[in-house]
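Enquirer: just need the structure, nothing else, for what follows:
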Amino acid sequence: RWLFDQAVCTLYAFCGVLFGLCSLASLTLLSAVCCLKVCYPAYGKCWDAAGLLPCVWAYALAFAAAPLARWGTYGPEPYGTACCIAWEASGREATLYILALFVFCYLLPCLLILASYARLLWTVRGSRRALRRH
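Expert: Next up is the predicted model:
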């Protein structure tokens, strides 16, 4: 069971969500910047992954802090040994938060990563074909 009070549970869950979202958002950013630099060199010069990292942290912080502002909730996991987002929470706000989290913090980043690497592979494949012709 969770050994600490609700404040520690909330802090634990907040940190887990923040760092998890930051990790996926960083991977998304790196794949997009890599794709831009390789596939669209003229536009790739304008984007720098290190300069965009504060945006990644702000994005993750916005979604991780939402339950602190009563949009969604943090609570013990079903087994009670750790804390995370209260996935089974009922209510319109909790459902909307979980839906927004799924779409904006999982589905869209995964699709962007897939699209970026697919475009990279397509570009590399085209480059190899062009080299073989010459």
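
Enquirer: for C84, helix, strand, or coil?
Expert: strand (DSSP: H, G, I helix; E, B strand; the rest coil).

Enquirer: bridging residues for it?
Expert: Applying DSSP bridges to C84 gives these bridge partners: G75.

Enquirer: mind listing what it touches?
Expert: A13, G16, V17, Y74, G75, E77 (Cβ atoms under 8 Å, 6 or more residues apart in numbering). (Each C-beta comes from the backbone N, C-alpha and C, glycine too.)

Enquirer: whichever of the residues you listed end up buried, select them in PyMOL.
Expert: Typed into PyMOL, the next command selects the buried ones out of these (criterion: 16 or more other Cβ atoms under 10 Å):
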select buried, resi 13+16+17+74+75
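
Enquirer: okay, the contacts of C84 in CSV with distance to A66 next?
Expert: Output for the contacts of C84, formatted as CSV (distance: Cβ to Cβ, whole Å):
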residue, distance to A66
A13, 12
G16, 14
V17, 9
Y74, 10
G75, 14
E77, 19
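
Enquirer: which residues in the protein form helices?
Expert: Under the criterion DSSP state H, the chain contains helices at 6-39, 41-44, 49-65, 92-102, 108-133.

Enquirer: could you dump these to TSV with distance to A86 and mean pLDDT?
Expert: Output for the helices of the chain, formatted as TSV (distance: least, Cβ to Cβ, whole Å; pLDDT from 0 to 100):
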stretch	distance to A86	mean pLDDT
helix 6-39	9	94
helix 41-44	41	77
helix 49-65	14	93
helix 92-102	7	93
helix 108-133	22	90
